[in-house]
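[1] I would like the atomic coordinates for the input below:
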Amino acid sequence: MSSFKQRAKWVSLLCAASMLVGVTAGCGGDKEEEAGATTSPTKAADASATPAATVEPLKKITIMLPLKTPETPADKVEKILEEKTGTQIEFQWVPDGSYDEKFQASFATGTLPQASYIKNQASFLLLRDSIKNNQFWEIGPLLKDFPNLKNLSPEILDNTKVEGKIYSLYQEGPIARQGVIYRKDWADKLGLAAPKTTDDIYNMLKKFKEADLAGNKNTLGLADRNDLVYGAFKTLSSYFGTPNNWGVENGKLVPEFMTKGYMDTMKFMKKLRDEDLINKDFPVTSKTDQQNMMYTGRAGMYIGSMPDVQTMQDKTGKNVKEAQYDVANNLLSPSGKPATWGLPGYRTLVMFPKSAIKNETELKQVLGFFDKLWSPELANLLKYGVENEHHTIKDGKVVMTTDQKILDKEYQAYLALALADQTVVKEASYPIPVREKAEKISLDAVPYALIDPTLALDSKTYNEKGARLAEIIKDATYKFMLGDIDENGYQTALKKWQDDGGAKIIEEYNAAYAAVKK
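    I've put the predicted structure just below:
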């Protein structure tokens, strides 16, 4: 397929998917041009004879990335980056809300810059066909030639692969931050230890409710919201032995919602609702309303991102002075081992378009620039800003300034550029011990985090229909927890999912899984 047609196809796919997967793409008719070089990096080009270490530094690089602050940042950090890398940098800052629209327009016209950040995993999913059709450079074979890039996590790189090949650098992200946040002062008053099993969670919620520790018969055990992923449901499901999106049973991939653990989780949530241990309207409760139940001292447990405990402690403490929170995440699954669902290990990816990078020598120069961003010096600069201006060092840990105006003006936007987040940067200091504990046990959980085995696999039917079909499962899951359907009704929904394309998704993912395992 020509590069012109491939880019046009991707734009159409992104537009069609915008309502299904939350990609806020504009779909205007832009002029399309043929891309430039199409040299395959898997073939021995003349430039490949030049070792990466001997390639001259790039004189200028252009980078497109999302702007997540109200205004473009001052150039203080930019000038330091230019000095340390020996490269002039041209940033194309694009407002985050319109980033996908700008990306697709630039892709369609062959004007993406040398380094192009994508917005999120949904955008990456829709780029797969373009990647397979040679629109972006494969970089995997070159990483070993760079002092910092050669140390990137093989596991996270595996999660970014397309047909077994690496085309992008990742921006580090947390893997296992999900867990339980609970009122420790309530638990201590009732003689309850930190939960270790789902039975412990149920017992804690029941005791909270019975003791009416909020007063006026207004106590709520668990506060939840209308989100099956980042609300309580998915984290609880991992404690019931549910895989992360897909699992392997008898050597075959199976979707999570067809497993026993998923059914057990639905039954558990239904039981909580039937016994008034959770807000009954959780399927329509916003995150703001959910958190307000904690801040006002009404609810005793929140299941989600553990770093939220810092804000929770601060805001609840203003309303209930004696409130104290604690966190837990090493709950045991039915196997007797701890389990928690994990993220891919990256927030976003940076891609290298062939329309902007003409040959492998230039590609190595671009990679050389990003290799320097992974050095401890520049990694710390991008994560924390300039020492003694944006942060200080106390007892070997980074303490950020509280002057938010300075951070917003000079530093905050560059977090979108930063690739290193944990591995080569200094440890941050947190204002309260429980937040520090949340960070520590999040890292401790990485070895037993459940990772989606389909991350690097491809299913044409999933790409086309997956988001729409997911609504069938979402609807049936909520209906079961609300008592509107029973197990037979849920099985009817599963059959509809299979008949409408789900069976084909299972078939395609298993074919891709088998091919990788060969």
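[2] D326 falls within a strand, correct?
    Yes: assessed with DSSP: H, G, I helix; E, B strand; the rest coil, D326 lies in a strand.
[3] measure V248 to D452 for me?
    11 Å (C-beta to C-beta, to the nearest Å). C-beta coordinates here come from the backbone N, C-alpha and C atoms, glycine included.
[4] so which of those two has more stuff around it?
    D452 (18 against 12; other C-beta atoms under 10 Å).
[5] which SS class is that one?
    Going by three-state DSSP: D452 is coil.
[6] if we ignore the residues flanking it in sequence, what's nearest it?
    N245 (4.3 Å; C-beta to C-beta, 6 or more residues apart in numbering).
[7] tell me the pLDDT at that neighbour?
    Listed pLDDT for N245 reads 97.
[8] kindly report the same for P57.
    87.
[9] just the endpoints, please. Distance across stretch 83-100?
    End-to-end distance for stretch 83-100, by C-alpha to C-alpha, to the nearest Å: 31 Å.
[10] and it, how far out from the chain middle?
    21 Å (C-alpha atoms, centre = their mean, to the nearest Å).
[11] got the contact list for A493?
    I472, I473, D475, A476, I485 (C-beta atoms under 8 Å, 6 or more residues apart in numbering).
[12] over to Q365?
    Taking C-beta under 8 Å, 6+ apart as the test, what Q365 contacts is V55, E56, P57, L58.
[13] where does this structure dip in pLDDT?
    1-54 (pLDDT under 70).
[14] give me the most central residue, it.
    By C-alpha atoms, centre = their mean, the chain has its centre lying nearest to R347, at 4.7 Å.
[15] quick one, what contacts that one?
    For R347, the contact set (C-beta under 8 Å, 6+ apart) comprises Y170, Q171, E172, G173, D421.
[16] could you dump those into JSON lines with neighbour count, secondary structure and distance to K315 added?
    Below are the contacts of R347 laid out as JSON lines (neighbours: other C-beta atoms under 10 Å; DSSP: H, G, I helix; E, B strand; the rest coil; distance: C-beta to C-beta, whole Å):
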{"residue": "Y170", "neighbour count": "21", "secondary structure": "strand", "distance to K315": "33"}
{"residue": "Q171", "neighbour count": "20", "secondary structure": "strand", "distance to K315": "29"}
{"residue": "E172", "neighbour count": "22", "secondary structure": "strand", "distance to K315": "28"}
{"residue": "G173", "neighbour count": "15", "secondary structure": "coil", "distance to K315": "25"}
{"residue": "D421", "neighbour count": "19", "secondary structure": "coil", "distance to K315": "26"}
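[17] circling back: how about the residue nearest to the centre of the chain, secondary structure?
    strand.
[18] again with R435
    Under three-state DSSP, R435 comes out as helix.
[19] I'd guessed L332 sits against K196; true?
    Yes: in this structure, L332 is within contact of K196 by C-beta atoms under 8 Å, at 6.0 Å.
[20] the two: which is more packed in?
    L332 (17 against 14).
[21] report the beta-bridge partners for the more buried one.
    L332 has these beta-bridge partners by DSSP bridges: P338.
[22] V399 now?
    T392.
[23] give me the neighbour count for it.
    V399: 15 neighbours (other C-beta under 10 Å).
[24] residues touching it, list them.
    With contact taken as C-beta under 8 Å, 6+ apart, V399 is in contact with H391, T392, I393, S429.
[25] so what's the first one up against?
    Applying C-beta under 8 Å, 6+ apart to H391 gives the contacts Y384, G385, V398, V399, M400, T401.
[26] the last one now?
    Contact criterion C-beta under 8 Å, 6+ apart gives K394, D395, K397, V398, V399 as the residues in contact with S429.
[27] what about the residue sitting furthest away from the middle of the chain, which SS state?
    For the chain, the residue at maximal distance from the C-alpha centroid (C-alpha atoms, centre = their mean) is N216, at 39.9 Å. Classification of N216 by three-state DSSP places it in coil.
[28] number of residues surrounding K189?
    Other residues lying near K189 total 14 when counted by other C-beta under 10 Å.
[29] again, but for the one 10 residues further on
    Around D199 sit 11 other residues, with neighbours defined as other C-beta under 10 Å.
[30] which SSE is it in?
    helix 198-211 (DSSP states H and E).
[31] check which element follows that helix along the chain.
    strand 220-223.
[32] pull the residues that contact that following strand.
    204-206, 208-209, 214, 232, 272, 277-279, 290-291, 293-294, 298-303.
[33] try it again at 7 Å.
    The contact list for strand 220-223, computed with C-beta atoms under 7 Å, 6 or more residues apart in numbering, reads 205-206, 208-209, 232, 272, 277-279, 290, 293-294, 298-303.
[34] which residues touch E163?
    K132.
[35] same question, the one 10 residues further on
    Contact partners of G173, counting by C-beta under 7 Å, 6+ apart, are L343, G345, Y346, R347, D421.
[36] go again with 6 Å.
    Y346, R347 (C-beta atoms under 6 Å, 6 or more residues apart in numbering).
[37] from T340, how far off is it?
    Taking C-beta to C-beta, one finds G173 at 15 Å from T340.
[38] following element in sequence after the longest helix seen in the chain, please.
    In the chain, with assignment by DSSP state H, the single longest helix is helix 460-482. Scanning forward in sequence from helix 460-482 by DSSP H and E, the next helix or strand is helix 487-497.
[39] give me the buried positions along that next one.
    Y490, A493, L494, W497 (16 or more other C-beta atoms under 10 Å).
[40] can you name the element that comes right after it?
    That would be, after helix 487-497 and using DSSP H and E, helix 503-517.
[41] quick check: angle from that following helix to helix 487-497?
    70 degrees (axes from the mean of the first three to the mean of the last three C-alpha atoms, to 10 degrees).
[42] quick one: contacts of helix 503-517?
    Residues from elsewhere that reach helix 503-517 (C-beta under 6 Å, 6+ apart): K252, L253, T454, L457, D458, S459, T461, Y462.
[43] now for the fifth one, how many residues are close by?
    What that stands for is D458. Neighbours of D458 (other C-beta under 10 Å): 18.
[44] make 117 the first number, not 1, from now on.
    Sounds good: first residue 117 from here, last item D574.
[45] phi first, then psi, for it.
    Torsion angles at D574 (phi, psi; degrees, to the nearest 10) stand at phi -130, psi 140.
[46] and the one helix or strand L559 maps to, how far from the chain's centre?
    If you go by DSSP H and E, L559 is part of helix 549-560. Relative to the chain's own centre, helix 549-560 is displaced by 19 Å; criterion: C-alpha atoms, centre = their mean.
[47] tell me which residues in that helix are buried?
    Here helix 549-560 shows V550, R551, E552, K553, A554, E555, I557, S558 as buried, counting by 16+ other C-beta under 10 Å.
[48] helices or strands up against it?
    helix 425-435, strand 441-444 (3 or more C-beta pairs under 6 Å, 6 or more residues apart in numbering; DSSP states H and E).
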